[in-house]
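Novice: Test case, fold it:
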Amino acid sequence: YPVPTFPMYGICATALGREKVEVPLKEDLDLDLEALLRAVEEKRPSLAFFSYPNNPTGNCFREDAIKRVRQEGVFTVIDEAYYHFSGRTFLTDALQREYTVVLRTLSKIGLAGLRVGVLIAKEEIAGEINKLRLPFNITYPSQAIAKLMLEDFYPIIEEHVQMVLRERERLMRELSNIEGVKVFPSDANFFLFKTPYPASVVHAELIKEGVLVRDVSYLPNLENCLRVSVGFPEENDQFLQAMQRVMKRLC
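Specialist: Alright, predicted model coming up:
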């Protein structure tokens, strides 16, 4: 799997006694296809995980690079936790091909309390994976509520997603207008931004303002970077005002 990315991929591999094969992203935070193919040739991994859009960078990786890794015979898992905010998917591939599965969750669209996730794959692949599933499945009430929300109340979810998309564009635009702030493109409900100052300092100053963002500067290629989630308009306004004050204090 590429790094930086969702840390649970590595944690699960370690817990299962498997070797982790981490391949750093390029400076533009996209996949390094040559490095990925070298890793496949040298390590012959059983699985390749791709967060799509990637957490914490927010971007969707090159589709052709992911497919090229799969062509090497590597079983490919596409984690589409943030699909609703990108609209880009490998769903058709998962339903047609032997070496691809797609993971989705309801946790990013306002239903985190249900703890509901799904795996989408060809029927025979899903059947084999089901044999390995732990006996502690999601509860029936969670399944029933999830089904109800997706079938009868989906317009409410879609309305929320559209609000987030509008606010994401506004927030990124207005934040990039603050002198010294660089904003990175995003296909998720969060995005990265960078300042000339240590991320730990900006993080601490924002906490003083009553705003909490995530310091991701310890990750590869993310020096001085922080991650902010898109909130409701009034929350985003509070963040923007806080950033203006913080940048003035630090300059």
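Novice: which stretches of the stretch 101-250 of the chain form strands?
Specialist: Along the stretch 101-250 of the chain, the stretches classed as strands by DSSP state E, counting those that start in this stretch are 117-120, 182-183, 190-194, 214-215, 225-229.
Novice: State the distance from A94 to N55.
Specialist: To N55, A94 is 19 Å away according to CB to CB, to the nearest Å. All C-beta atoms are positioned from the backbone trio N, CA, C, and that covers glycine.
Novice: Look at these two and report which has more neighbours.
Specialist: Per other CB atoms under 10 Å, whichever of A94 and N55 has more neighbours is A94, with 23 against 20.
Novice: tell me which strands and helices the helix or strand containing the more buried one is in contact with?
Specialist: Assigned by DSSP states H and E, A94 belongs to helix 91-96. On a contact count with 3 or more CB pairs under 8 Å, 6 or more residues apart in numbering; DSSP states H and E, helix 91-96 meets strand 100-105, strand 117-120.
Novice: okay, the strands of the stretch 101-250 of the chain in a markdown table with mean neighbour count next?
Specialist: Shown next, in a markdown table, are those (neighbours: other CB atoms under 10 Å):
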| stretch | mean neighbour count |
| --- | --- |
| strand 117-120 | 15 |
| strand 182-183 | 16 |
| strand 190-194 | 21 |
| strand 214-215 | 17 |
| strand 225-229 | 22 |
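Novice: Can you report how many residues lie near T76?
Specialist: Residues contacting T76 under the criterion other CB under 10 Å number 23.
Novice: Contacts only, for the spatially closest residue to it that is not a sequence neighbour.
Specialist: Excluding its sequence neighbours, the residue lying closest to T76 (CB to CB, 6 or more residues apart in numbering) is R70, at 4.5 Å. By CB atoms under 8 Å, 6 or more residues apart in numbering, the contact set of R70 is A48, T76, R97, Y99, T100.
Novice: Kind regards, and thank you for your time.
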